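J.: Mind looking at a prediction? Sequence and model below.
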Amino acid sequence: MEWILQNTLKRKVITFVSVILLCFLSGFIYTFFVTSSITDQVDRMFTTSQELKIMRETMTEFENTVDNYLATKSSDSFVQYLNLSSTLNQISNKYAYGKSLNSAYLQLQNISSMLGAYTEIADEAVAYKRGRNTEKYLESFAELLLVGEQIDRKVEAVQSWDFSLNLQTHQALSKQLVTIRLGLVSMTVLLIILSVLFVISFSRNVTRPIAELSSRVEEISRGHYVLEPSEEVYFKEASVLEAAFINMAVNIKRYIEELKDKVETENQLRRSETEKLRMENLLNQAELMALQSQINPHFLFNTLNAGLQLATIENANRTSLFLEDLSDMFRYNIQKLDNQVTVKDEFRNAHNYYDIMKVRFGEALEFEFELDHEVEDVTMPPLILQPLIENALIHGFKSQMTAGVIRVKAYPDQNWVLLVVEDNGDGIQEDVLEELNRKTFSKTPKGGHTTGLGLENVYERLKHYYQNKCEMTFESVYGQYTKVILKIPGG
Amino acid sequence: MHRWIRALEVMVITLLVIVSAVVVNRLGAVREIQAQATLTADYHVAVITDETASYGMDLFVEGLDAAGINFNMVYEMYEISETAIEATFQAVSLTDVDAVVVKLSNNTFAREWIQALKEEAIFVVLIGNDDPESNRDVYIGTNKYQMGKEVATLAGEAIDHSGEIAVIFGSAYNENAVAYNHFISGMTDIVKNSWDLKLERFQFSQEKRAEVITDELLNISDVGVIVCTDPTDVNRAMRVLVDRNAVGKVKVIGNGLTPDIESYIEQDIVFASIVEDYKELGYLSMTYLNDLFQGKTVSGYVNVPYEVIRSN
């Protein structure tokens, strides 16, 4: 019976059928009530006349009975007299309407009073008969007949009134019957209209949610997965169906979005893997070059150690320091490129490189180092600064006859660390500068590098290390200076 | 669409309720006629009269109706002829009435029966003409002697105190009634003081229609003024005067103030009219009975004044 409490289709159907049946049942009962009421009124119109007729017949019988008793004094007559007297008293009581304002009922009240007197006179006559008072019982009987005539006249008057009342009732009824008949016809028509409206309303309630659902199916087929819930509440099953359908659309949409995300992620992963492969390729190349160059370092280390011992024995201090610097630089250069060093390490290596180059170039080359203490311990990939310094040395002073200055700086800039390698050499031609800033390094010459690492390698390793959160820019005025600025995250 | 259907449904249901209410109301209207039986009055009064339907009687009944509503009394009318008078009084006695109003053209005829009613402690009020010996409780009426004098004075004035005065008595008057005698006495007392006025012809419209009486009177050259005690007779007499081209030649003193009589007075065709307040008679009869029912002491003789209506 739970369905009664819920707005289910079953309840809707049962309610609809019940309402229609109730409409017609109430119409039928109402019509029955009206027709019964009219019939009752028509019946009542003749009731009084019929009762009065019976009363008059009873009175005639009563007078004959009294007459018979007075003549014969028979017990049968006496019993019949008592019965008839009782009947007449009952009629008298029935018509005791009091001082009614209605003329007909007032006359009936008069008859009631007269009937009372009538039976009393009869009682007197019977009593006189029993007392053997002939004169008195004859006198009473004569009076009885006289009162009987009076009652007859009253009955005639009442019948006249009753006829008048019946006529009045009949006229009123006839007049009202037109309205009543019209009212009943109107009610029937209105009930039919109401039933039709209920049918339309019901069928709409049942078919509307299905129609709405089918239109939503069309929307989904067109790719519209965002569905608004219906404002109208039809019945529970429709609501459940609608909610399920909307959920389904939401799930489909989410699934499609998930698929898109997945594809996107896979694409990114694929791109990342490609990048990784490229980086690995670059590292492999670098490591291959490093391995190739390791043949020399083993030989060179042994040779340099032998030379270092020889220089110590011969007290050649400068040669000893030179060989030591060279040894340190080679050691730094042959480390793995995916190691992690600090800015301070890079500066130390750059300084070694400078000491070696100073022996070679003498006063023709000047280095200036500026390392801010705040950024000393910031980590970074190895062999970044050295290739840049080598680049400045190789390309910046090709046609320089005077002493060149290379300035290496590291300092904080908000959350970043700026590494700057600046030379006052030849500068870079504008078109080459543009290509460098576009990170097109293929045309840049990289011969003569100690590490064998070019700008592209430096840039790619930085990107890989910092996950693209780094910058490398070139500034130059041809014939005046060149500046390479690296911007890396600061710790 | 849905809202329209809902609105239509509400409208149809409203109409259904209205139509049902109308039909039930119509049935109720018919039932109401019979439902009156339940309404009862405090007192039951019988009115016995031998006066046929007339202007005065209609007004008298109006007075009874108004007082009946005011004092919650119900009355029933017994119209009798002389032969049925005994049976009527007997019937009234048998119906346990609380009071009887007797308005006969000669109430003296009913003395014996009125006395019988009084023995049964039924209140009796006489209207129009008095019979103190009947032991009635109250008499209500106009002073007929004074009215006779007034009529005779007006009649003399109408014909410059020279000529014959004829009188047509309506149903309210009876040749043997005290009221009639008082009226004639009043007229006679005026006429006897005037040498040229005569008062010899008295006719009763209950015996002969007023048109016939008027026609006969016009054949008598000395009749200068006709006095009618009933408004119906005034109209009938006027009809003959018009037919006989005697309007103005024979003057008319009327009774009552019907629209016709009012019009005749305005046109100076009727010289004057004596207006008795019949409605007041009806109303007062019930009022005094109500006082008697309440145990109050009332005057045994109540005079209801009359009014004279003239063109000037």
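T.: Yep, that arrived.

J.: mind checking the SS state of the closest residue to residue B:5 other than its chain neighbours?
T.: Excluding its sequence neighbours, the residue lying closest to residue B:5 (C-beta to C-beta, 6 or more residues apart in numbering or on different chains) is residue A:201, at 5.2 Å. Placement of C-beta: from N, CA and C, glycine included. Assigned by DSSP: H, G, I helix; E, B strand; the rest coil, the conformation of residue A:201 is helix.

J.: Ok, residue B:47 next?
T.: Assigned state for residue B:47: strand (three-state reduction, three-state DSSP).

J.: Please name the nearest non-neighbouring residue to it.
T.: Distances taken as C-beta to C-beta, 6+ apart place residue B:101 nearest to residue B:47, at 4.5 Å, with adjacent residues excluded.

J.: State the mean pLDDT of the lengthiest helix in chain B.
T.: Residue-count comparison of every helix in chain B, with assignments taken from DSSP state H, identifies helix B:2-35 as the longest. Summarised as a single mean, pLDDT over helix B:2-35 is 74.

J.: Beta-bridge partners for the closest residue to residue B:220 other than its chain neighbours, please?
T.: Of all residues not flanking residue B:220 in the chain, residue B:164 sits nearest, at 7.3 Å (C-beta to C-beta, 6+ apart). As for beta bridges, residue B:164 partners with residue B:198, residue B:223 under DSSP bridges.

J.: Residue B:164 reaches residue B:218, doesn't it?
T.: No - proximity of residue B:164 to residue B:218 does not meet the contact threshold set by C-beta atoms under 8 Å, at 12.0 Å.

J.: re the thing from before, surely the residue nearest to residue B:47 is within a helix?
T.: No - the assignment for residue B:101 is strand, going by three-state DSSP, so no helix is present there.

J.: so the nearest residue to residue A:369 once chain neighbours are set aside, which of the three states?
T.: The spatially closest residue to residue A:369, leaving aside those adjacent along the chain, is residue A:408, at 5.2 Å (C-beta to C-beta, 6+ apart). Secondary structure for residue A:408, judged by three-state DSSP, is strand.

J.: Report the contact partners of residue A:408.
T.: Residues counted as contacts of residue A:408 (C-beta atoms under 8 Å, 6 or more residues apart in numbering or on different chains) are A:347, A:350, A:367-370, A:385, A:389, A:419-422.

J.: And for residue B:153?
T.: Contacts of residue B:153 (C-beta under 8 Å, 6+ apart): residue B:190.

J.: Does it belong to a helix, a strand or coil?
T.: Local secondary structure at residue B:153 is given as helix here, using three-state DSSP.

J.: from what I can see residue A:483 touches residue A:477, true?
T.: No - taking contact to mean C-beta under 8 Å, the distance of 9.4 Å between residue A:483 and residue A:477 leaves them out of contact.

J.: Can you show me the strands along chain B?
T.: With DSSP state E, the ranges of strands along chain B come out as B:43-49, B:73-79, B:99-103, B:123-127, B:138-141, B:163-169, B:197-204, B:223-228, B:251-255, B:272-276, B:301-303, B:306-310.

J.: looking at those strands, which has the lowest confidence?
T.: Of all these, the segment with the smallest mean pLDDT is strand B:197-204, scoring a mean of 84.

J.: buried sites along it?
T.: With burial defined by 16 or more other C-beta atoms under 10 Å in any protein chain shown, the residues of strand B:197-204 counted as buried are B:197-199, B:201-204.

J.: same thing with stretch A:407-426?
T.: Residues of stretch A:407-426 classed as buried under the neighbour-count rule (16+ other C-beta under 10 Å) are A:407-410, A:416-426.

J.: How about stretch A:117-133?
T.: Of all the residues in stretch A:117-133, those buried under the rule 16+ other C-beta under 10 Å are A:117-119, A:121-122, A:124-126, A:128-129.

J.: Which of the buried residues of stretch A:407-426 fall within strands?
T.: Cross-referencing the buried residues of stretch A:407-426 against strands under DSSP E gives A:407-410, A:416-423.

J.: which of these sit farthest apart?
T.: When C-beta to C-beta is used, the two most widely separated members of those are A:416 and A:423, lying 22.6 Å apart.

J.: Tell me the one of the buried residues of stretch A:407-426 nearest residue A:97?
T.: Using C-beta to C-beta, residue A:416 comes nearest to residue A:97 of the buried residues of stretch A:407-426, at 119.0 Å.

J.: show me what contacts that closest one?
T.: A:487-490.

J.: Now secondary structure too, for those, in CSV please.
T.: Converted to CSV, those look like this (three-state DSSP):
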residue, secondary structure
A:487, strand
A:488, strand
A:489, strand
A:490, coil
